[in-house]
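Colleague: A structural model of the following input is requested.
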Amino acid sequence: MNVGKILVPLDGSVLAEAALWQAMAIAEGATLSLLRAAEAGPGPESDSPAQQVAALREAQRYLRTVVERLQQNGQSRVGANVWYGPPAAAIVEAARSQKADLIVMATHGRGGLGRLGLGTVAEAVLRGTRVTVLVVRPEAAPVDVASGAGPTGESFRV
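Modeller: The predicted structure is shown next:
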């Protein structure tokens, strides 16, 4: 697989940033494209133009600090984009429009396919794109044991 561009969606959390280090580990020669989906808070009055602008500015500030940190750690091929809208839709559309070769994203492990422990955004991205997705589970993310899995992790030979 030739990887020229890696899309790394971030939501501002430490858990999401765990994907950055995985992306950097495999980015040899590739460009990292950081993405933050911005949305104003929930509620009918929270989606005013002023609140949309505030959400976009906050997302831009956050990504600027992440880009600076990556550059200080030797990652010179890095860009950042803010998209306004729901995270899963923004990730899928950004991957398509930027012609990403790989999406590296973390999962918080909340909701979604409980049997896989994926979060709802990760599940929606997997279902919505043909781009290869590497889902990173940070050590701090909750783990659900798959139903039917043995508690000992026993293996067998056929």
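Colleague: how deep is Pro42 tucked in, by neighbour count?
Modeller: 7 (other Cβ atoms under 10 Å). Yep, even glycine has a C-beta here, placed from its N, CA and C like the rest.
Colleague: please read the previous query as pertaining to Arg69.
Modeller: So Arg69, with other Cβ under 10 Å, has 13 neighbours.
Colleague: ok, the residue lying closest to Pro87 once chain neighbours are set aside - how many residues close by?
Modeller: Nearest residue to Pro87 in three dimensions, chain neighbours excluded: Ala37, at 4.1 Å (Cβ to Cβ, 6 or more residues apart in numbering). Burial of Ala37 is recorded as 23 neighbouring residues (other Cβ under 10 Å).
Colleague: list the helices and strands the longest helix along the chain packs on?
Modeller: Counting residues, the longest helix found in the chain (DSSP state H) is helix 49-72. For helix 49-72, the packing partners by 3 or more Cβ pairs under 8 Å, 6 or more residues apart in numbering; DSSP states H and E come out as strand 5-10, helix 14-26, strand 31-38, strand 78-84.
Colleague: what are the buried residues along the longest one?
Modeller: Within helix 14-26, the residues that qualify as buried are 15-20, 22-24, counting by 16 or more other Cβ atoms under 10 Å.
Colleague: check contacts around Gly12.
Modeller: Listed by Cβ atoms under 8 Å, 6 or more residues apart in numbering, the contact set of Gly12 reads 36, 59, 62.
Colleague: distance of it relative to Glu68?
Modeller: Distance, Gly12 to Glu68, by Cβ to Cβ, to the nearest Å: 15 Å.
Colleague: can I get the longest helix of the chain in CSV? Just the C-alpha atoms.
Modeller: Extracted as CSV, the C-alpha positions of helix 49-72 are listed here (Å, rounded to 0.1, in the frame of the first residue of the first chain):
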residue,chain,number,x,y,z
PRO,A,49,-23.7,32.3,13.2
ALA,A,50,-21.8,33.8,16.2
GLN,A,51,-21.6,30.4,17.9
GLN,A,52,-20.6,28.7,14.6
VAL,A,53,-17.8,31.2,14.2
ALA,A,54,-16.7,30.7,17.8
ALA,A,55,-16.6,26.9,17.3
LEU,A,56,-14.6,27.3,14.1
ARG,A,57,-12.1,29.6,15.8
GLU,A,58,-11.6,27.3,18.8
ALA,A,59,-11.0,24.4,16.4
GLN,A,60,-8.4,26.4,14.4
ARG,A,61,-6.6,27.4,17.6
TYR,A,62,-6.5,23.8,18.8
LEU,A,63,-5.1,22.5,15.5
ARG,A,64,-2.5,25.2,15.3
THR,A,65,-1.1,24.1,18.7
VAL,A,66,-1.1,20.4,17.5
VAL,A,67,0.7,21.3,14.3
GLU,A,68,3.3,23.3,16.2
ARG,A,69,3.8,20.3,18.6
LEU,A,70,4.2,17.9,15.7
GLN,A,71,6.7,20.2,13.9
GLN,A,72,8.7,20.4,17.1
